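>>> structural data only, the sequence is not supplied:
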């Protein structure tokens with residue numbers, strides 16, 4: 001992290017927090033939400049802090065809704081923007097995702113975590129099953145994901161109100177087809193992933 005304030009104003013040397021805050025300030029005043037998500041997900045210090053805050057928050061007796069929701073929104077945006085990079089970072093919070101999906105009393109948190117789970121699942125499937133050259137590399141990531149999420153968890157995430165698995169899968173390069181073909185294709189994907 002940093003020992004902010006590290007430098008007095010008007011000194012030449014700047015640290016990571018300085019550049020993060022500079023980019024955050026550039027988000028104001030228009031389109032704050034999309035600009036903010038883009039900026040935060042490009043700063044390692046912000047991504048790492050967000051994951052740590054989420055992991056700490058689930059250990060509280062009463063986790064705060066806004067903190068859980070904010071952290072999950074950032075993870076969703078990160079997986080949507082840069083799935084190949086995000087998979088290595090988001091996999092570290094699967095324990096928190098499991099808590100948010102199964103144990104949180106908030107429906108919004110359940111929905112947001114279901115989206116993150118499905119985006120992570122789709123990214124893992126695309127990167128390490130569809131792309132044959134990367135299968136060996138993904139073994140550790142698969143094992144960590146499977147330790148927390150079973151096939152039934154993925155089915156439950158797909159059936160969560162307000163979650164649109166078709167769009168999530170197609171955004172991550174996985175074609176599901178149409179009509180009855182969708183269910184057949186989803187079954188094949190789940191069987192391959194969990195075999």
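Everything's here; your move. None of these values were measured; they are calculated from a predicted model.
>>> so what's the residue nearest the centre of the chain closest to, chain neighbours aside?
Geometric centre of the chain, nearest residue: residue 75, 3.2 Å, by CA atoms, centre = their mean. Nearest residue to residue 75, sequence neighbours excluded (CB to CB, 6 or more residues apart in numbering): residue 116, at 4.8 Å. All C-beta spots, glycine's among them, are computed from the backbone N, C-alpha and C.
>>> which strand or helix spans the one you found?
helix 107-125 (DSSP states H and E).
>>> go ahead and confirm residue 185 touches residue 179.
No. At 10.6 Å, residue 185 and residue 179 do not qualify as touching, with contact defined as CB atoms under 8 Å.
>>> give me the more crowded residue out of the two.
Set side by side, residue 185 and residue 179 show more neighbours around residue 185, with 16 against 7, by other CB atoms under 10 Å.
>>> give the next helix or strand downstream of the helix holding residue 116.
helix 139-148.
>>> now do that next one: which elements does it pack against?
helix 94-102, helix 107-125 (3 or more CB pairs under 8 Å, 6 or more residues apart in numbering; DSSP states H and E).
>>> report the angle between that helix and helix 94-102.
On the basis of axes from the mean of the first three to the mean of the last three CA atoms, to 10 degrees, helix 139-148 is oriented at 30 degrees to helix 94-102.
>>> run the chain-centre distance for helix 139-148.
Here the centre of helix 139-148 is set off from its chain's centre by 15 Å, with CA atoms, centre = their mean, to the nearest Å.
>>> hey, where'd the helices end up in the protein?
16-25, 32-40, 44-57, 65-81, 83-90, 94-102, 107-125, 139-148, 151-158, 165-171, 180-193 (DSSP state H).
>>> which of those helices sits most buried?
Most buried of the helices of the chain, by mean neighbour count (mean count of other CB atoms under 10 Å): helix 107-125, with a mean of 23.
>>> now do it, average pLDDT.
Averaged across helix 107-125, pLDDT comes to 96.
>>> centre of the chain to it, how far?
That offset, for helix 107-125, works out to 7 Å (CA atoms, centre = their mean).
>>> check which helices and strands that helix sits against.
The helices and strands touching helix 107-125, judged by 3+ CB pairs under 8 Å, 6+ apart, are helix 65-81, helix 83-90, helix 94-102, helix 139-148, helix 151-158, helix 165-171, helix 180-193.
>>> quick revisit: including distance to residue 79, could the helices and strands packed on helix 139-148 go into JSON lines?
Below are the helices and strands packed on helix 139-148 laid out as JSON lines (distance: least, CB to CB, whole Å):
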{"stretch": "helix 94-102", "distance to residue 79": "11"}
{"stretch": "helix 107-125", "distance to residue 79": "4"}
